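Enquirer: I'll drop the sequence and a predicted model, then ask my questions.
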Amino acid sequence: MLNFAAAFLKKTSPNVAEPLTRGLDCEKPESQAIISLRSVSKRYKNGVVGLHCIDLEVGKGDFLFITGHSGSGKSTLLKLLYGAERATEGEIYVNGTEVTPLRGDALAMLRRRIGIVFQDYKLIPNRTVAENIAFVLMSQGYTHQEIERRLQPALRMVGLSHKAFCFPDQLSGGEQQRTSIARAIVNTPPLLLADEPTGNLDPENSWQVIKILKKLNSFGVTVVLTTHDHHLVKAAGCPVLHLQNGMISTGAIGAC
Ligand SMILES: Nc1ncnc2c1ncn2[C@@H]1O[C@H](COP(=O)(O)OP(=O)(O)O)[C@@H](O)[C@H]1O
Ligand SMILES: [Mg+2]
């Protein structure tokens, strides 16, 4: 069992599961998968097929890039994982829980264990950096003391301790995205999903975001990140899954 919370809060390195991501035909024990998709398809109400017959396993502690052209199904895949959309066929397991049947509180509980980062940051404009990050914890009933204990390490992790009292419009795009990463990890989820997190950033800020995500990954957080930036994928040197028209391209997973 990874102890990300302790590692993150005390800034010490725990034992980390060996990074490994493969298709379903691998011999990896079931218990080591944090994400498992079996013959998953998603057809939207208007008949458009977002994903077609996807089989995938992501191991605990992996760092996986998902690439593909616009409209290839990257966001759809992530949305199915955190329950923003429901699969029309197949089974999806996240952290051992089947996602598709979840509703209401059960779905909310699953989402508490998943950090989500979006391309457009989705920060609350009239709240400071610290408040944006703390908001997640407040809404989940954390005590004031616990919020204080978690806030500073989260800010340090993304290099924003000195911007804690700034508002989003006083930050650069890179700083806003780093705030959204801090918000996503402040409750120490074992899984982080990032949908085009560098889509609005210049190369330098993009690389800073990747470095932070890699650091989190070294603490044991499983990271799944979509991008269409091939330079970034190449520089990061992590396994890549390539989507094309809602399907996994043949031989798509592998070190780049
Ligand atoms: N809510 C929706 N309703 C209908 N079609 C959708 C919806 N969301 C996405 N799609 C379609 O599903 C396909 C995959 O979209 P998406 O997952 O957003 O691709 P990507 O993130 O790779 O750009 C596209 O053809 C897109 O138009
Ligand atoms: Mg997308």
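Expert: On my side now, so go ahead. All values derive from a computational prediction rather than experimental measurement. Ligands and ions are numbered 1, 2, ... in the order given.

Enquirer: Every contact and neighbour count from this point should use C-alpha atoms.
Expert: OK.

Enquirer: in this structure, which spans are strands?
Expert: Remark: strands assigned in the chain by DSSP state E are 21-22, 33-43, 49-59, 63-67, 89-94, 97-98, 114-118, 191-195, 222-226, 239-244, 247-248, 254-255.

Enquirer: so what secondary structure elements neighbour the fifth one?
Expert: To tie it back to what came earlier, the one meant is strand 89-94. strand 33-43, helix 74-81 (3 or more C-alpha pairs under 8 Å, 6 or more residues apart in numbering; DSSP states H and E).

Enquirer: Go again with 10 Å.
Expert: On a contact count with 3 or more C-alpha pairs under 10 Å, 6 or more residues apart in numbering; DSSP states H and E, strand 89-94 meets strand 33-43, strand 49-59, helix 74-81.

Enquirer: Repeat that for the fourth one.
Expert: Strand 63-67 makes packing contacts with helix 74-81, strand 191-195, helix 203-218, strand 222-226, helix 230-236, strand 239-244, strand 254-255 when contacts are defined by 3+ C-alpha pairs under 10 Å, 6+ apart.

Enquirer: Comparing those, which yields the minimum mean pLDDT?
Expert: Mean pLDDT across these is lowest at strand 254-255; the value there is a mean of 52.

Enquirer: can you count the residues close to the nearest residue to residue 80 once chain neighbours are set aside?
Expert: Closest residue to residue 80 apart from its sequence neighbours, by C-alpha to C-alpha, 6 or more residues apart in numbering: residue 86 at 5.7 Å. Residues lying near residue 86 (other C-alpha atoms under 10 Å) number 20.

Enquirer: which regions of the chain lie under the pLDDT threshold?
Expert: 1-31, 250-256 (pLDDT under 70).

Enquirer: switch to 50 and redo it
Expert: Across the chain, residues meeting the criterion (pLDDT under 50) sit at 1-2, 11-30, 255-256.

Enquirer: Find the residue at the geometric middle of it.
Expert: With distances taken as C-alpha atoms, centre = their mean, residue 193 lies nearest the centre of the chain, 1.5 Å away.

Enquirer: show me the contacts for that one.
Expert: Each residue near residue 193 by C-alpha atoms under 10 Å, 6 or more residues apart in numbering is listed here: 64, 78-79, 81-82, 114-118, 184, 222-226.

Enquirer: 6 Å - rerun?
Expert: 116, 224-225 (C-alpha atoms under 6 Å, 6 or more residues apart in numbering).

Enquirer: Not counting stretch 131-140 itself, show me its contacts.
Expert: By C-alpha under 6 Å, 6+ apart, stretch 131-140 touches residue 183.

Enquirer: May I have that stretch exported as PDB, CA atoms only?
Expert: Provided in PDB are the C-alpha atoms of stretch 131-140 (Å, rounded to 0.1, in the frame of the first residue of the first chain):
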ATOM      1  CA  GLU A 131      -8.700  29.400  -0.500                       C
ATOM      2  CA  ASN A 132      -9.000  27.600  -3.900                       C
ATOM      3  CA  ILE A 133      -6.800  24.800  -2.600                       C
ATOM      4  CA  ALA A 134      -8.500  24.700   0.800                       C
ATOM      5  CA  PHE A 135     -12.000  24.700  -0.700                       C
ATOM      6  CA  VAL A 136     -11.800  21.000  -1.600                       C
ATOM      7  CA  LEU A 137     -10.900  20.100   2.000                       C
ATOM      8  CA  MET A 138     -13.600  22.300   3.500                       C
ATOM      9  CA  SER A 139     -16.200  20.700   1.300                       C
ATOM     10  CA  GLN A 140     -15.000  17.300   2.400                       C
END
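
Enquirer: Many thanks, have a good one.
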